[in-house]
Structure formats: structure tokens, C-alpha cells
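Asker: Using only what follows, build the 3D model:
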Amino acid sequence: MRRRLSLAVGLATALMASTASAKTLIYCSEGSPEGFDPALYTAGTTFNASSRPVYNRLAEFERGTTSLIPGLAESWSSSEDGLEYTFNLRAGVKFHTTEYFTPSRDLNADDVIFSFERQLDETNPWNKYTEGTAWEYFNGMDMPALIKEIVKVDDMTVKFVLNKPESPTVANLAMDFASIVSKEYADSLEASGNQTNLNQQPIGTGPFKFVGYQKDAVIRYAAHEGYWGGKQPLDNLVFAITPDNSVRMQKLQSGECHVAPYPNPGDLPALMADESLQVMEQEGLNVGYLAYNSKVAPFDNPMVRKALNHAINKQSILDAVFQGAGKAAKNPIPPTMWSYNDAIEDDAYDPEKAKAMLAEAGVSDLKMKIWAMPVARPYNPNARRMAEVIQADFAAVGVEVEIVSYEWGEYLKLSRDENRDGAVLLGWTGDNGDPDNFLSVLLSCSSVGGSNRAQWCNEEFDALVNEAKQKSDQAERTALYEEAQVVFKREAPWATIAHSVVFMPMSTKVMNYKMDPLGSHRFDGVDIAE
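Answerer: This next block holds a predicted model:
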């Protein structure tokens, strides 16, 4: 333990010393990225380290809001029938120049088409370029069924032709999986037989360029001098990977890092009292849940899932885990999101009812696993503690629980397995402010084996969500989403646990940081006092 602490202090000292002559911000991140090609993943930890500093998208979300603004496309338009979206690309956008790649040209339509066709076309040489490639987000949003073709109108114009109208199309293309990568860089990697480097040494157009990654320790970035949005106030950005919540806050208070997310709720009073710190907060656009594997008996029976939901004392979880910084969840979308169905009644805490329902379902002596995340997330600051509370609740109704966990990247990978045992604790923070980003991405039939950790495919639910996506009128969409939430609650693929308030502690030296309602940690536009 002493050796580990000395190594951590040594690393932090080295980071400070090596960057003392330039404006450097050190962010104590909560976990390691799975990789640096954002299209391969769905985790916010990975996006914070890849898509947000290194890449751009056709459209972007304005910092601190869910409003869409031009990105790599300076403008766009859609046809009257909603089946064609045309994007006019920004001229003069430079890709990063690094020790491992020097671009010979600016961004053009070829880069946009390559970025999507590698996900869309199973015959594309990049479709399976690294082990386990699944394009989880792209497929989870059913993009292969939506996109008919992507047309290069000219070098600076791209047209997306759809098979059916989809209301959140532009917002979806502003999401992390839709980050634009360099085709020229990809071609050079393919020619040299080093395709996997696309996921290890990224090249983008974003505000910061990748410098290097020491696995599970530190990621370094430098400001992109030729950034189309202007060179950033920060010269260097460093992610000091620090999974332990308490250690992150200790490093923040000692000045070893400037920003540290996801404090333990019990640490907030001390952080707020520290005059060297500022603590931002906002209600999160999130939900934390326990997803049963609906493909594995007895969890394939809605009555069993419903019975277990009645066994969970959410107030105990709120007290033990969130300590006043959360509220009980009854729906799969947060109450701050339009189309939230407030008329739905939650599954009341009722152990006797749970026992009776299990007996009626013919279930006795049930043994199961509950998976607990190894990292803090905005929707769950302490998954291990949450699992322990649920373990005790389930024991009270005769269900024996084994708590298991894995390294974060492995956890996300293994929990996608359609034969996974038991139930997994996970959650979601909205990526585009649209209900579809929760209901379709997390619960649709096309997401089974990917972001749908319940492995739940319900035709009634799917039809409602798919119909809602094709409507342009928000009132019509709302009615369909409200009905879909009724189906969800009846079938109970999850135990909905909580929505959280998100706190963001940082040094008072940090200027112009904006909390993101979509849960990302962005450092474009951020400055730090000398």
C-alpha cells in the first residue's frame, strides 16, 4: 500500500514538473478508457478520453446545453419527407499532426463517409478491424436499418439517405459514436498492417491531440494549434487515472489535480468547506438500474423480475449510497426529460408480496449473481455498497446473492453476454437529450447483445419506440413514449433504482468549466489561472 501511494505521488509530481512551463490542467479521471476509437464503445469514461478531446462531429452540442450547433458541418438541411439530410462541410479543417502521422490534406467528404461506412458495411475492411468490434452504439440505434446510403455529393457535401424518417437524426449524429476519423490515416494504417493503432493512437480534428497513454495511469494531450475553433487556452491536458473516489478527492485537495469527478456523497461537506475548491452541481439526466438477464431462467419470467423489484428498499439505497444526492427512479428515463410518464406507479417495497410472487412463480432457493461496477458513475457513486443493500433485501425474501465485479472495460464487455448470469448494475446518462437515447438504445430488440443489458426484446415496446422515432410532432412522440414506459413497467426488465444529482469539485483556479447535462467532461474553452 505504501509503495502504491509513493508511486502515485511520484507520478503526480512528475506531471506537474514536466508541464510547469505551460498551462496544464490535470483531470483525475475515475477509470481507464476501453480504447480511443469512440465508435467502438458506449461508456462515458471512454468518451471523455477519446471523442471529446480528440474528435469532432458533423453537429455538436453547445457546451453546457443540449442545443445543437454547427461542428464539422457548417450547415445542414433535410428534405420535406425527412428521408434525406444534406451536410455542408466546413472548409479548412485540419487533422492533428503528431509524431506518428502527418496529414497531407484537410477534412473532406471522404472522411465523413469512411467514418460511417466502416460501421454500416460488413464487407468494409474496417468493419472488424479489432478484436470484439461490435459497433455497439451504431447497431443499438438500429442505424443499419435506418441508413439506406451515404452519398458524396462533392468534396465538401455529404448526403444521408434514410429508409424511413427519424426525428432525432441530427442530434444522433452529434453523439460520440458519430465522431469523424481521418480516412487518410486509416489508409496508411491499413497499408502498413497496423489497423489496430486507430484505437490506440487516434487522429482527429478536435481541440486536443493525443500525445500518449500509460495504461491505467495517465493520458496526455496537447492543444491542437490548428484547431478550426481556435487554439485552446490550455496548452496541455492530462488525465491522471484514479479509480478510488476517496483518493481522487485527496489528490484534488492536495493540489495534485485540478478537477476530480464523482465524490463520495459523504465527502461533499468537507469539499464545499475547502476554500481552495469550488463545487458545481446540477440534476443529472441519468438513471441507475439493475438489469435482469431476461433470456436466462428464472429471469425470463416477468413475475420473477417484478417480485424481486418489490423486494428492493430504494430508500435504504438512497440513504446508504446517495446520502441525499438522489431520488428514487420509477421509469427508465429521468423526470427532467420530456415524455416522462409521471402517472406510472412504482413497484412498492413489499417483501411479503415479493415472497408470495416468487412462490406463485414456482421459484424457491434462488441463487443469483449481482454484478457491481468497479468505478463510480454519476448515476451510481458506489455500486458495491448498492449491491450489498440489494443482497440483504433479497436475502430477506429467500434469495441468495453473490456479488461479482471486474475491471471496468471487462465489466462492460462481459455484461453484454446474452448468457450472463444474474443481474447487472449499470446506468445511463443521456447523450442527446432525446427519450429515444434511453428507450431505444438501452431497451430495443436491436440492442440485445449490446447496450441492452437486460437482453430484453418485447415486440409491443419496440413497435411503440420505433413509431415514435418516425413522428416529427413532439406531442405524438410523447404519447407513444408514455405508452412504452407502461409496457416497460409491466414487464420489468430492470429494477429502476435512482436518478442522481451530479457534483463536480475542482480547484478555484479552474475557469470557464461548464457542467454538461449530457454527463460528459469537456475541457474545450476551459482555462486555468497561472
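Asker: Helix, strand, or coil at F523?
Answerer: Secondary structure, DSSP: H, G, I helix; E, B strand; the rest coil: F523 is coil.
Asker: Give me the pLDDT for the spatially closest residue to it that is not a sequence neighbour.
Answerer: Distances taken as C-beta to C-beta, 6 or more residues apart in numbering put L237 closest to F523, at 5.5 Å, once the chain neighbours are dropped. C-beta: built from backbone N, CA, C; applies to glycine. Listed pLDDT for L237 reads 98.
Asker: doesn't L25 make contact with L237?
Answerer: Yes. With contacts counted by C-beta atoms under 8 Å, L237 reaches L25, the gap being 5.6 Å.
Asker: rewinding a little: which helix or strand contains the residue nearest to F523?
Answerer: strand 236-241 (DSSP states H and E).
Asker: Next: F210.
Answerer: Per DSSP H and E: strand 208-214 holds F210.
Asker: List the contacts of the strand holding L237.
Answerer: Residues outside strand 236-241 that contact it (C-beta atoms under 8 Å, 6 or more residues apart in numbering) are 11-12, 15, 19, 22-29, 31-32, 48-49, 53, 208, 216-223, 251, 256-257, 523.
Asker: and the strand holding F210, average pLDDT?
Answerer: 98.
Asker: Might you calculate how far that strand sits from the centre of the chain?
Answerer: From the chain centre to the centre of strand 208-214 is a distance of 21 Å (C-alpha atoms, centre = their mean, to the nearest Å).
Asker: how far away is P103 from T205?
Answerer: P103 is 10 Å from T205, where distance means C-beta to C-beta, to the nearest Å.
Asker: cool, S364 as well?
Answerer: S364 sits 59 Å away from T205, taking C-beta to C-beta as the criterion.
Asker: Quick one: low-confidence residue ranges for the protein.
Answerer: Within the chain, the stretches with pLDDT under 70 are 1-20.
Asker: switch the cut-off to 50
Answerer: Residue ranges of the chain with pLDDT under 50: 1-10, 12-14, 16-19.
Asker: are any of the contacts of strand 236-241 buried, and which?
Answerer: 11-12, 15, 19, 23-29, 31-32, 48-49, 53, 208, 218-223, 251, 256-257, 523 (16 or more other C-beta atoms under 10 Å).
Asker: Those residues in strands, which ones?
Answerer: 24-29, 208, 218-223 (DSSP state E).
Asker: Name the nearest of the residues you listed relative to I497.
Answerer: I497 has its nearest neighbour among these in S29, at 24.0 Å by C-beta to C-beta.
Asker: Quick check: closest non-adjacent residue to the closest one.
Answerer: The nearest residue in space to S29 (C-beta to C-beta, 6+ apart) is F239, at 4.6 Å.
Asker: ok, the one you found - how many residues close by?
Answerer: 26 (other C-beta atoms under 10 Å).
Asker: same thing with R522?
Answerer: Neighbours of R522 using other C-beta under 10 Å come to 19.
Asker: go on, D350?
Answerer: Quick note: D350 (other C-beta under 10 Å) scores 16 neighbours.
Asker: Let me see the contact set for it.
Answerer: Taking C-beta under 8 Å, 6+ apart, one finds H310 in contact with D350.
Asker: From A320, how far off is it?
Answerer: From D350 to A320 the distance is 20 Å (C-beta to C-beta).
Asker: Give the phi and psi angles for L162, as a check.
Answerer: Backbone torsions of L162, given as degrees, to the nearest 10, read phi -100, psi 160.
Asker: Could you give the bridge partners of it?
Answerer: I147 (DSSP bridges).
Asker: quick one: contacts for it?
Answerer: 82-85, 146-148, 169 are the contacts of L162 under C-beta under 8 Å, 6+ apart.
Asker: Out of these, flag the one nearest to L308.
Answerer: L146 (35.0 Å).
Asker: pretty sure the closest one contacts K164?
Answerer: Yes. Applying C-beta under 8 Å, one finds L146 in contact with K164, separated by 6.8 Å.
Asker: The two - which one has more neighbours?
Answerer: Legend: neighbour count by other C-beta under 10 Å for L146 and K164, higher for L146 (18 against 13).
Asker: how close does S192 get to D37?
Answerer: 17 Å.
Asker: Have a look at those two and say which one is more surrounded.
Answerer: D37 (26 against 9).
Asker: Nearest residue to that one in space, please, no chain neighbours.
Answerer: N199 (4.2 Å).
Asker: For Q470, see how far away the one you found is.
Answerer: Distance, N199 to Q470, using C-beta to C-beta: 34 Å.
Asker: between these two, which one's more packed in?
Answerer: Each of N199 and Q470 has its neighbours counted (other C-beta under 10 Å); N199 has more, 20 against 14.
Asker: I figured the more buried one was touching P38, is that so?
Answerer: No. The criterion here is C-beta under 8 Å, and N199 misses it with P38 at 9.7 Å.
Asker: so N88 sits in a helix?
Answerer: No. Under three-state DSSP, N88 falls outside any helix and is assigned strand.
Asker: That one: neighbouring residues, count only.
Answerer: Quick note: N88 (other C-beta under 10 Å) scores 17 neighbours.
Asker: Over to the residue lying closest to it once chain neighbours are set aside. Which of the three states is it?
Answerer: Distances taken as C-beta to C-beta, 6+ apart put S75 closest to N88, at 4.8 Å, once the chain neighbours are dropped. Here S75 is strand, with the state taken from three-state DSSP.
Asker: what's the distance between the nearest residue to L83 once chain neighbours are set aside and V296?
Answerer: Among residues not flanking L83 along the chain, L162 sits closest, at 4.9 Å (C-beta to C-beta, 6+ apart). Remark: distance between L162 and V296 (C-beta to C-beta) = 36 Å.
Asker: Same check on V502?
Answerer: On the measure of C-beta to C-beta, V502 and V296 end up 33 Å apart.
Asker: The two - which one has more neighbours?
Answerer: A count of neighbours by other C-beta under 10 Å puts V502 above the other of V502 and V296, at 23 against 16.
Asker: Show the subsequent helix or strand relative to the host helix or strand of that one.
Answerer: Using DSSP H and E, V502 sits in strand 494-507. Using DSSP H and E, the next helix or strand after strand 494-507 towards the C-terminus is strand 510-511.
Asker: Could you spell out the sheet neighbours of that following strand, each with its direction?
Answerer: Short version: by DSSP bridges, strand 510-511 pairs with strand 527-528 (antiparallel).
Asker: ok now the strand it pairs with, how far from the chain's centre?
Answerer: 26 Å.
Asker: Could you do stretch 271-278 as well?
Answerer: With C-alpha atoms, centre = their mean, you get 28 Å for stretch 271-278.
Asker: buried set for that stretch?
Answerer: Under 16+ other C-beta under 10 Å, the buried positions of stretch 271-278 are 271, 274, 277-278.
Asker: residues making contact with that stretch?
Answerer: 249, 252-253, 255, 263, 279, 505-508, 510.
Asker: just to revisit the earlier point, which one of P103 and T205 has more residues nearby?
Answerer: Counted by other C-beta under 10 Å, P103 and T205 do not tie: T205 has more neighbours, with 29 against 18.
Asker: ok, now which ones touch that one?
Answerer: Neighbours of T205 in contact, by C-beta under 8 Å, 6+ apart: 55-56, 72, 93-96, 107, 180, 224, 227-228.
Asker: Ok, F47 next?
Answerer: 38, 41, 176, 520.
Asker: Could you check how far the helix or strand hosting F138 is from the centre of its chain?
Answerer: Per DSSP H and E, F138 falls inside helix 136-140. Centre-to-centre, helix 136-140 and its host chain are 12 Å apart (C-alpha atoms, centre = their mean).
Asker: just checking, what packs against it?
Answerer: Helices and strands touching helix 136-140, by 3 or more C-beta pairs under 8 Å, 6 or more residues apart in numbering; DSSP states H and E, are helix 109-120, helix 436-443.
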